[in-house]
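Colleague: pasted the sequence and its predicted model underneath.
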Amino acid sequence: MVNYFKNIWLGIYTVLVGMKLTLIHLFQRNVTIQYPDERYPIPDNARNRLYLDPDLCDACNRCVRACPVKCITVESIRAVPGKTPSLKNGDKRNMWVTLYQIDFAKCCFCGLCTEPCPTNAINHTTEFEYSSYKREDLIYTFVKMSDEEKAQKLKELEEWQASKKKAADEAKAKEDSNKKEVNKE
Amino acid sequence: MEYNFIHSLIDNTILAIILITLLPLGFVVIYALIAILGELKIASFVQERLGPMRTGWKGTMQPVAEVVKLLQKEDITPDAADKPLFNLAPFLMFAGAFAGFAVIPFSPFFIPANIELGLFYLFAIGSLAVIGLVMGGWASNNKYSLLGAMRSVAQIISYEVPAAMAILTVAMMANSLNLNEISANQSGWFWNWYIFGGPGPIWKIFFIPFTIGIALIYLVSSLAETNRTPFDIPEGESEIVAGYHTEYSGMKFAMFFFAEYANMFIVASIISYLFFGGWNSPFGDFLNYWWMQPIWFILKSFFFVFVAIWLRWTLPRLRVDQLMYMSWKVLLPMSFLCFLVLGIYMMLI
């Protein structure tokens, strides 16, 4: 009998304790962040979408080799030494980048591509809202030369190579003739 | 006829009667929208969320959006269902809930039907909900619906007994079954309310624990009768899908929804009439004007609707055997005890 009344009292008491707890929470500050309107600050070193600075990239292909999921595609043409403008940071440009693509559908945001980059051309940004309806839309093209430009660059390269070959041939011919003269004597 | 101010405003009797009928209906619809919003907002505030924020100012139009959505939805009747009963059940349930508003005095000047057996009528018409539930559950031809209906019958019928005892106690103390008279008996300061023993000599203090107990018994059994948590086992989502309204969609589901909220208000108004002075101001003549009385009544009733929502987000669902234990072994003996003690008090007074 005592137990019965004790149980009833315990039932009422525990319900009151629970109600007190919910009432306290009722007047507490809400923790929700209204996402598109308010945002939680993202740390600067967050690893989100990659960005490539085309003026810094020398197409050294180190990022392509570092990428574990092979999401980076780089195509390049050798630059003509001497005549080519240097990179943004003043270094000599060895290659023209004709195509630089990153497929963010494959990218795993590991950050391994940013580490070997000699010029810090590729970096993570804090941008993370770039979902799209098609997978093709996730292939980002940072550099793409038009066919004419490519053809021009190729032509310049060929001309330079031809002139170099010619110079080499002339030098060789000259050497040969020198040799002949030496032989005649 | 002096109980209806509309009769004195309009000469045409038929027009006045139609207006008297429509006034509570409009009130129910507006109240249901407020209660749905309250439920959403209180639920989210208890969990430290914000709740709906996009529709209207701070999400205030959310219930309107939900009702419109329900009205747009396809009205599905299962092939194997008993169609007439299936279609009738939600409307019967809403009719039962709405019929209760006939005797609720919003103020001494507006009582749709001022009958002497108001309390008895309210209790009888409240039981109509069970028939609606069973009808819906049985006619759905679905095992979960049937399980829900059977559970609700077991629950509501068992909890009607302590609720009836609690009502009987107050009827005995008030010497009346007319809600308006019960309310008028409690005029004056709040210590005249029946939860504090009603108007009487100072030594009524010794009987206050019993009146509080009887109020508590009625509060608990009213929660069970309206299928609110912790007594929502007839519709327990995690156990039997949605109980008796598993097969309902669209308009008919909205009817069940409205009926549940209307029942909640009726039960809350019974509590405020029986134990908390009804349309009386708690502070004597302070703000006890004729236009303030309906506001006092609605505020008190809304508070008990709030308590029901508050409890919903506090307590988990009971097991069926715990439910039966609570009704037959705790509430019923306690209500008998309170009835006996308060009967002695009424003889002494």
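Modeller: Yes, it's here. It should be emphasised that the depicted structure is a prediction, and the values quoted were computed from it without experimental measurement.

Colleague: show residues contacting stretch B:318-334.
Modeller: Counting by Cβ atoms under 8 Å, 6 or more residues apart in numbering or on different chains, stretch B:318-334 makes contact with A:8, A:11, B:151, B:154-155, B:158-159, B:161-162, B:165, B:213, B:217, B:220-221, B:224, B:230-231, B:233, all of which sit outside it. Bear in mind the C-beta positions are built from the backbone N, C-alpha and C, glycine included.

Colleague: can you pull out the strands in chain A?
Modeller: For chain A, strands defined by DSSP state E occupy the ranges A:50-52, A:72-78, A:95-103, A:122-124, A:139-144.

Colleague: rebuild those strands as JSON lines, extending it with mean neighbour count and mean pLDDT.
Modeller: Conversion of those to JSON lines gives the following (neighbours: other Cβ atoms under 10 Å in any protein chain shown; pLDDT from 0 to 100):
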{"stretch": "strand A:50-52", "mean neighbour count": "20", "mean pLDDT": "88"}
{"stretch": "strand A:72-78", "mean neighbour count": "18", "mean pLDDT": "88"}
{"stretch": "strand A:95-103", "mean neighbour count": "20", "mean pLDDT": "88"}
{"stretch": "strand A:122-124", "mean neighbour count": "19", "mean pLDDT": "88"}
{"stretch": "strand A:139-144", "mean neighbour count": "16", "mean pLDDT": "88"}
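
Colleague: want to throw those strands into a markdown table with distance to chain B?
Modeller: Compiled in a markdown table, the strands of chain A are given as follows (distance: least, Cβ to the nearest Cβ, whole Å):
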| stretch | distance to chain B |
| --- | --- |
| strand A:50-52 | 33 |
| strand A:72-78 | 40 |
| strand A:95-103 | 35 |
| strand A:122-124 | 32 |
| strand A:139-144 | 32 |
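
Colleague: which secondary structure element contains whichever residue of the stretch 151-300 of chain B sits closest to chain A?
Modeller: When distances are taken as Cβ to the nearest Cβ, the stretch 151-300 of chain B approaches chain A most closely through B:L216, which lies 7.6 Å from it. Of the helices and strands defined by DSSP states H and E, B:L216 is found in helix B:208-225.

Colleague: contacts only, for B:V305.
Modeller: B:V305 is in contact with B:A35, B:G38, B:M264, B:F265, B:A268, counting by Cβ under 8 Å, 6+ apart.

Colleague: got the buried residues for whichever helix or strand comes after the helix holding B:L216?
Modeller: Helices and strands here follow DSSP H and E; after helix B:208-225, the next one along the chain is helix B:237-240. If you call a residue buried by 16 or more other Cβ atoms under 10 Å in any protein chain shown, then helix B:237-240 has these buried ones: B:I240.

Colleague: among the contacts of B:V305, which are in strands?
Modeller: Reading strands off the contacts of B:V305, I find no matches (DSSP E).

Colleague: between those, which sits nearest B:V307?
Modeller: B:V307 has its nearest neighbour among these in B:A268, at 8.1 Å by Cβ to Cβ.

Colleague: A:D176: neighbouring residues, count only.
Modeller: 11 (other Cβ atoms under 10 Å in any protein chain shown).

Colleague: before we move on, the earlier item: distance to B:A102 added to the strands of chain A, as TSV?
Modeller: Compiled in TSV, the strands of chain A are given as follows (distance: least, Cβ to Cβ, whole Å):
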stretch	distance to B:A102
strand A:50-52	71
strand A:72-78	76
strand A:95-103	70
strand A:122-124	69
strand A:139-144	69
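
Colleague: can you list the weak-confidence ranges in the chain?
Modeller: Answering for chain A, as no chain was given. Where chain A drops to pLDDT under 70, the residues are A:184-185.

Colleague: I was thinking of chain B, sorry if that wasn't clear
Modeller: Per-residue confidence for chain B (pLDDT under 70) gives these ranges: B:1-3.

Colleague: repeat the analysis, applying 50 as the threshold.
Modeller: Segments of chain B classed as low confidence (criterion: pLDDT under 50) are B:1.

Colleague: please name the nearest non-neighbouring residue to B:L146.
Modeller: Counting by Cβ to Cβ, 6 or more residues apart in numbering or on different chains, B:L146 lies nearest to B:G137, which is 5.3 Å off, once chain neighbours are set aside.

Colleague: how about residues contacting the helix or strand hosting the one you found?
Modeller: The secondary structure element spanning B:G137 is helix B:128-139 (assigned by DSSP H and E). Where contact means Cβ under 8 Å, 6+ apart, the residues beyond helix B:128-139 that reach it are B:81-83, B:85-86, B:88-90, B:92-93, B:95-97, B:99, B:145-150, B:152-153, B:156-157, B:225, B:234, B:243-245, B:248, B:256, B:259, B:263.

Colleague: how much space separates A:G111 from chain B?
Modeller: Separation of A:G111 from chain B (Cβ to the nearest Cβ, to the nearest Å) stands at 34 Å.

Colleague: give me the nearest residue to that residue, chain neighbours excluded.
Modeller: Looking at A:G111 with Cβ to Cβ, 6+ apart, the closest residue is A:R47, at 5.1 Å.

Colleague: isn't that neighbour right up against A:T125?
Modeller: No - between A:R47 and A:T125 there is no contact under Cβ atoms under 8 Å: 9.3 Å.

Colleague: need the helices for chain A, in chain order.
Modeller: Counting by DSSP state H, chain A forms helices over residues A:2-26, A:62-66, A:147-184, given from the N-terminal end onward.

Colleague: highest mean neighbour count out of those?
Modeller: Among the helices of chain A, helix A:62-66 has the highest mean neighbour count (mean count of other Cβ atoms under 10 Å in any protein chain shown), at a mean of 17.

Colleague: that helix: how far from the chain's middle?
Modeller: Distance of helix A:62-66 from the chain centroid (Cα atoms, centre = their mean, to the nearest Å) equals 11 Å.

Colleague: thinking again about what came up before, which one of the strands of chain A lies nearest to A:D58?
Modeller: Checking the strands of chain A against A:D58 by Cβ to Cβ gives strand A:95-103 as the closest, at 5.7 Å.

Colleague: can you list the residues of chain A near chain B?
Modeller: By the criterion of Cβ under 8 Å from any Cβ of the partner chain, the positions of chain A lying close to chain B are A:8, A:11-12, A:15, A:18-19, A:21-23, A:25-32, A:34.

Colleague: B:S269 versus B:G148, what's the distance?
Modeller: Separation of B:G148 from B:S269 (Cβ to Cβ, to the nearest Å): 27 Å.

Colleague: centroid-nearest residue for chain A?
Modeller: A:L50 (3.7 Å; Cα atoms, centre = their mean).

Colleague: just checking, that residue touches A:I122?
Modeller: Yes - when contacts are counted by Cβ under 8 Å, A:L50 is listed as touching A:I122 (5.9 Å).

Colleague: so for those two, which residues contact both of them?
Modeller: Listed as contacting both A:L50 and A:I122 by Cβ under 8 Å, 6+ apart are A:C113, A:T114.

Colleague: and the longest helix for chain B?
Modeller: With residue count as the measure and DSSP H as the assignment, chain B has helix B:13-46 as its longest helix.

Colleague: mind listing what the residue nearest to B:A81 when sequence neighbours are not counted touches?
Modeller: What sits nearest to B:A81 in space, not counting adjacent residues and going by Cβ to Cβ, 6+ apart, is B:N141, at 5.2 Å. Listed by Cβ under 8 Å, 6+ apart, the contact set of B:N141 reads B:P78, B:A80, B:A81, B:D82.

Colleague: out of these, which is most surrounded?
Modeller: Neighbour counts for the contacts of B:N141, by other Cβ under 10 Å, peak at B:A81, which reaches 19 neighbours.

Colleague: if I look at that one, how far off is chain A?
Modeller: Spatial separation of B:A81 from chain A under the definition Cβ to the nearest Cβ is 39 Å.

Colleague: thought that residue was touching B:T246?
Modeller: No - in this structure B:A81 lies outside contact range of B:T246 using Cβ under 8 Å: 11.2 Å.

Colleague: any shared contact partners between the two?
Modeller: Shared contacts of B:A81 and B:T246, defined by Cβ under 8 Å, 6+ apart, comprise B:S140.
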